[in-house]
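With the sequence up front, the predicted model follows.
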Amino acid sequence: MRVMLVSVLFAISACSNGASSSDGTTLTWWDYFGYSPASDQAVNTLITRYQDAHPGVQIKRTPIGFADFHAKIVQAAASGTFPDIAVIDTPDVPLLASQNAIGDLTWRFASWPDKDKYLEHVRDGVKYQEKFYGVPLRSNTTALIYNADHFAQANISAPPKTWAELRTAAKSLTSADHSGLCFAAAANEQLTFNFLPLMWQAGGDLRTVGDAPSVEALKFVNALVNEDKSVPRSVLQWGHSDVEKEFAAGHCSMMVNGPWTLPSVEKAGFAWAAAPLPAGAKGPASPLGGEAWVVGAKSKNTDAAWQLLTWLADPKNSAKEIGGGLGSIPNRDDTLKDPAWKWNNAVEAFAEQMPSARARSVYGPKYPQMSEAIWTMAQQVMTGERDPQQAADAAKAKIQPLLG
Amino acid sequence: MRRLTPYLFVLPAVLFLGALLVYPVVLNVLMSFQDVSAGNLLGGAEWIGFENYRAAFADEVFVDAAWHSVTYAAVSVVVQLVAGTGLALFYAQSFPGARALRSLYMIAYAIPVVVSAELFRWLLDGRSGFVNWVLGTRDVFWLADTSLALPAVIGIQVWLGVPFVLVSLTAGLVAIPREFGEAALIDGASAWQRFRWVTWPLLRPVVAATAVLSTIFTLKSFDLVWIATQGGPAGASEILPTLAYRLVFTSFLFGKGAAIMNVIFAVLFVLSLLYLRTDRRTS
C-alpha cells in the first residue's frame, strides 16, 4: 500500500513538473539571502511581483546558507547542475567564469542601455577578461560608523577625514571601557576586505604588494594596534558580526563595517552616525562588496533569465526591496543621490564612497590564494610577529607567482 | 542458497562500508595525485604523481601546521590523561556527592563543541574576557597572540577531553575487584603502594586504550580550532585539518588538500591499528 502511495505521489510530481515546462518557463534561482526574515521576504516579494506581471514564467527559488553557498556553487559548477540564475559574491565571478560555469552575457550587455548607468568599478566587479558575466543588482561598501556619545565625551566635533586624524581620534577615544576603533581582522577574507582599502588609500595595490604604499598601510595598522593600542588585539579573532556586537555594546567607539550592520546599530540605544572612510596619502578608497546575478552557462532559458535580470535592474521595480530589504547601497549614476534609495540616514556616507569603491574580482580566479597572503601579512604585523617590510616581502613572494 | 545466506546478511554492511568509507578514501587518494582545482573537479585533471605531497612538505605553512598538530595532540592527551586519572581516582572514593559531581563532568562532555568553542572565544577575550578578570591580568590576548593561541586552544581541548578520560577510567576502576585492594591493605600496603602495585597494573590497558583514542580524537579535531581562531593569528594555531579545509574550500586546491588529508589519514590509520592491538591485549 505504502509503495503504491509513494509511486502515485511520484507520478503526480512528475506530471506537475512536466506541465509547468510545457506551459511556460521555469527558472531555477539560487541565492544566500535567507540570512534574515527581512532579506528573505524582499526576494520573495520581487519574485512574486515578477511572476504576476509575467504569467508564463515560474521562478523556483532555493535559498542556501551563506556558509554552504560557496562549496555548493562550486559543486554545482563541476557537476553540471548549475541553476538558471545564481546570485554569487562578486570575487567568485572570475573563478566561475574561468571554469565555464556561468554564461557570457557580453553581447546582451552591448545592447542594454542601462549598463552605462552602473558605476565603473561596479561594472568591473562582474567582468572577467573584458567579458560581462552578471548583473550587479546589489552592492555595498564599508564606512566608519561611530558612537556619537563617545565623540562628545572626547570632545571630537567631526569624524576623522585622514589617517592622521583617525589615529588621533582613536587614541583619545580609547579608555578602560572602550577601544577607539574596531574592524574585523580574523584569519579570513573579511580582513582582506578591510585591509586592501588601506593599501589603495596609500597608493598601493594587491598586485604590487611589497612596495612602499603597502608597507605604509602595514605601518599604520601597526601604530594603531601595537603602539597606541587604540585597536584591541581581540579583533584578530573577530569577524564583521563580532565587531558589530562589540560596537553595539559600547565596547568600540568607531568601527569599520558594512551597511548590513545598520539595523542592529539602530537598536543599540546611543547616538551614532556614519562617515566615509578616512582618506590616505593618495585619497579615498573603499572595498566594493555585493553580488553578481549570473546565468548558468548551460541554461536553456537564457533569454527568460536575461529578461528577469533586466527587469530587476530597473529601480522602478525593485528599489525598495533591493535597497531597504537587502541593504544595498545605490550603485548607479542615476540612483546614487535618489532619495528612494535612502533607506537609512547612514546610506549617504556609504553612497558617497561608491565612486571610489574598488572590486576584488579584477584580481582573477586565483584571488582566494592572494587574499590569504594579504590577511596573513596583516595578521603578522598586528601580532608583532614580523615588521611591516618583512611581512610585505613574504606576501610578495606568495602573490607574484599567482599573478601569471 | 543456504551457503549464500550468511553472505546476504553481511551484504548491507559491506555495501554501506564500501559506499561511505572505501569509495571516499580511494577517491581522496586518487585526487591527491592529480592537479585538481575548481575547473576540473569532475574529471580531466592532470596526473602529477607525488607533486602535491612534495609541494606540501616543502611548504613552511604545512610544516608549521604539522608541528602544531603534533604539539596540540601530544600536550592535550598527556594533560588530559594526568588530570583525568587523578579525577577518576578521586571520585572512585565513596564520599557524599561523589556520583553527582562526577556526572556534572558529563555535562561538559554533552555540550556541542561549537557552543563551548564559541563560549571560550569570549571567556578568553583580551579586553572583556572572564579569564583575564579571574587571573587579574589585563590585555592578555589569549587567542590573538602568536605565542599564546596554541597553548590556549590546547587548554580548551583539555577541558573538552577530560570528561572522556574520567568516564573511561572510572569504568576501568569499577571493573577492578575491591578484594584486591582490601587484601593489599591487610598486608599493610600504603595508599601509594596499593595504587602502584594493585590498581595501576590492572588499569594500564584501559589507560593505553584511552590514550590512543584521545590522540585520534585530537589529531582529527577541526571544529574547536576553526571556531576559536580559524588557525590564526598569522597561522599560529593552524593545524593540519584546518589547513586542509582552507586549501579545499577557500582556495579550491583540491589535490593539495587531499594530499594533506591523506597524511592525517595515514597517521590515524596507524594509531587505530595500535588501538586495536591494545584492545585485543586487554580482552
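On my side now, so go ahead.

just the helices in the stretch 151-300 of chain A please.
A:163-173, A:189-201, A:212-222, A:240-248, A:262-266 (DSSP state H, counting those that start in this stretch).

Now render those as a markdown table, adding mean pLDDT, distance to residue B:27 and mean neighbour count.
Every C-beta, even on glycine, is put in place using the N, C-alpha and C of the backbone. Formatted as a markdown table, the helices of the stretch 151-300 of chain A follow (pLDDT from 0 to 100; distance: least, Cβ to Cβ, whole Å; neighbours: other Cβ atoms under 10 Å in any protein chain shown):
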| stretch | mean pLDDT | distance to residue B:27 | mean neighbour count |
| --- | --- | --- | --- |
| helix A:163-173 | 96 | 51 | 19 |
| helix A:189-201 | 96 | 28 | 24 |
| helix A:212-222 | 97 | 41 | 22 |
| helix A:240-248 | 94 | 35 | 21 |
| helix A:262-266 | 91 | 43 | 16 |
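
Tabulate those in JSON lines, adding columns for distance to residue A:335.
Below are those laid out as JSON lines (distance: least, Cβ to Cβ, whole Å):
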{"stretch": "helix A:163-173", "distance to residue A:335": "29"}
{"stretch": "helix A:189-201", "distance to residue A:335": "23"}
{"stretch": "helix A:212-222", "distance to residue A:335": "31"}
{"stretch": "helix A:240-248", "distance to residue A:335": "25"}
{"stretch": "helix A:262-266", "distance to residue A:335": "18"}
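
any low-confidence regions in the chain?
You didn't say which chain, so I picked chain A. Along chain A, segments meeting pLDDT under 70 span A:1-23.

The chain in question should be chain B.
B:1, B:38-39, B:41-43, B:281-283.

Those residues of it touching chain A, which are they?
B:38-42, B:121, B:125-128, B:139, B:141, B:143-146, B:228-236, B:246, B:249-253 (Cβ under 8 Å from any Cβ of the partner chain).

Keep only those of those residues that are in helices.
The helices, defined by DSSP state H, take in B:121, B:228, B:246, B:249 from those.

Pull the contacting residues for the third one.
With contact taken as Cβ atoms under 8 Å, 6 or more residues apart in numbering or on different chains, residue B:246 is in contact with A:372, B:231.

Check the first one too.
The contact partners of residue B:121, taken as Cβ under 8 Å, 6+ apart, are A:237, B:143, B:227-228.

rewinding a little: turn the helices of the stretch 151-300 of chain A into a markdown table, including distance to chain B.
Formatted as a markdown table, those follow (distance: least, Cβ to the nearest Cβ, whole Å):
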| stretch | distance to chain B |
| --- | --- |
| helix A:163-173 | 14 |
| helix A:189-201 | 8 |
| helix A:212-222 | 13 |
| helix A:240-248 | 8 |
| helix A:262-266 | 18 |
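
Which among those helices is found nearest to residue A:46?
helix A:262-266 (19.3 Å; Cβ to Cβ).

now what about the closest one, what contacts it?
A:38, A:145, A:244, A:247-248, A:272, A:327, A:344, A:346.

again, only this time at 7 Å
A:145, A:244, A:247-248, A:272, A:344, A:346 (Cβ atoms under 7 Å, 6 or more residues apart in numbering or on different chains).

again, but for stretch A:302-321
Looking at what lies outside stretch A:302-321 - Cβ under 7 Å, 6+ apart - the contacts are A:25, A:27, A:42, A:45-46, A:50, A:57, A:84-85, A:103, A:108, A:112, A:114, A:135, A:137, A:293, A:295, A:299, A:335, A:340-341.

do stretch B:28-41 as well
Stretch B:28-41 is contacted from outside by A:74, A:78, A:95, A:98-99, B:45-49, B:52, B:252-255, B:258-259, B:261-262, using Cβ under 7 Å, 6+ apart.

Just the buried ones from the residues you listed, in PyMOL syntax?
In PyMOL, this line selects whichever of these come out buried by 16 or more other Cβ atoms under 10 Å in any protein chain shown:
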select buried, (chain A and resi 74+78+95+98+99) or (chain B and resi 45+48+52+252+253+254+255+258+259+261+262)
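
Tell me which of the contacts of stretch B:28-41 fall in helices.
Short answer: the contacts of stretch B:28-41 in helices (DSSP H) are A:74, A:78, A:95, A:98, B:52, B:254-255, B:258-259, B:261-262.

so who does the residue positioned nearest the centre of chain A touch?
Residue closest to the mean C-alpha point of chain A, counted by Cα atoms, centre = their mean, is residue A:289 at 2.5 Å. By Cβ under 7 Å, 6+ apart, residue A:289 lies in contact with A:140-141, A:193, A:258.

Please apply the same query to residue B:227.
Residue B:227 sits in contact with B:114, B:117-118, B:121, where contact means Cβ under 7 Å, 6+ apart.

mind running it again at 10 Å?
A:237, B:113-121, B:153, B:156 (Cβ atoms under 10 Å, 6 or more residues apart in numbering or on different chains).

Adding distance to residue B:242 and secondary structure, write the residues you listed out as a markdown table.
What follows is the contacts of residue B:227, written out as a markdown table (distance: Cβ to Cβ, whole Å; DSSP: H, G, I helix; E, B strand; the rest coil):
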| residue | distance to residue B:242 | secondary structure |
| --- | --- | --- |
| A:237 | 14 | helix |
| B:113 | 14 | helix |
| B:114 | 15 | helix |
| B:115 | 19 | helix |
| B:116 | 17 | helix |
| B:117 | 12 | helix |
| B:118 | 16 | helix |
| B:119 | 19 | helix |
| B:120 | 16 | helix |
| B:121 | 15 | helix |
| B:153 | 10 | helix |
| B:156 | 14 | helix |
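
I'd like to know how many residues surround the residue of the stretch 201-350 of chain A found nearest chain B.
With Cβ to the nearest Cβ, the shortest gap between the stretch 201-350 of chain A and chain B falls at residue A:236, namely 3.7 Å. By other Cβ atoms under 10 Å in any protein chain shown, the residues close to residue A:236 number 30.

how is chain A carved up into domains?
If you go by automatic domain parsing, the domain ranges for chain A are A:2-135+A:289-358, A:143-287+A:362-403.

May I see those arranged in TSV, with distance to residue B:30 as well?
Output for those, formatted as TSV (distance: least, Cβ to Cβ, whole Å):
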stretch	distance to residue B:30
domain A:2-135+A:289-358	16
domain A:143-287+A:362-403	23
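
what's around the residue nearest to residue A:404 when sequence neighbours are not counted, how many residues?
Distances taken as Cβ to Cβ, 6 or more residues apart in numbering or on different chains place residue A:366 nearest to residue A:404, at 7.7 Å, with adjacent residues excluded. By the criterion of other Cβ under 10 Å, residue A:366 has 20 neighbours.

So residue A:366 is in contact with residue A:207, correct?
No. Contact criterion Cβ atoms under 10 Å: residue A:366 and residue A:207 do not qualify, at 11.6 Å.

what sits in contact with each of the two?
Joint contacts of residue A:366 and residue A:207 (Cβ under 10 Å, 6+ apart) are A:399, A:402-403.

Please check those and keep the buried ones.
A:399, A:402.

before we move on, the earlier item: filter the residues of chain B next to chain A down to the buried ones, ChimeraX style.
Only the buried members of the residues of chain B next to chain A end up in this ChimeraX selection, burial being decided by 16+ other Cβ under 10 Å:
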select /B:38,39,40,41,121,125,126,127,141,143,144,145,146,228,229,230,231,232,233,234,235,236,246,250,251,252,253
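
and residue 105, how many neighbours does it have?
Picked chain A for this. 24.

Wait, chain B was what I had in mind.
19.

in the stretch 101-250 of chain B, what residue is nearest chain A?
For the stretch 101-250 of chain B, Cβ to the nearest Cβ, closest residue to chain A: residue B:232, 3.2 Å.

so when I look at residue A:306, I'm seeing a helix, right?
Yes. Membership of residue A:306 in a helix is supported by DSSP: H, G, I helix; E, B strand; the rest coil.

Find the residue closest to residue 199 in space, skipping its chain neighbours.
Since you didn't name a chain, this refers to chain A. Closest to residue A:199 by Cβ to Cβ, 6+ apart is residue A:217, at 4.6 Å.

meant chain B actually
Spatial nearest neighbour of residue B:199, chain neighbours left out: residue B:176 (6.4 Å); criterion: Cβ to Cβ, 6+ apart.
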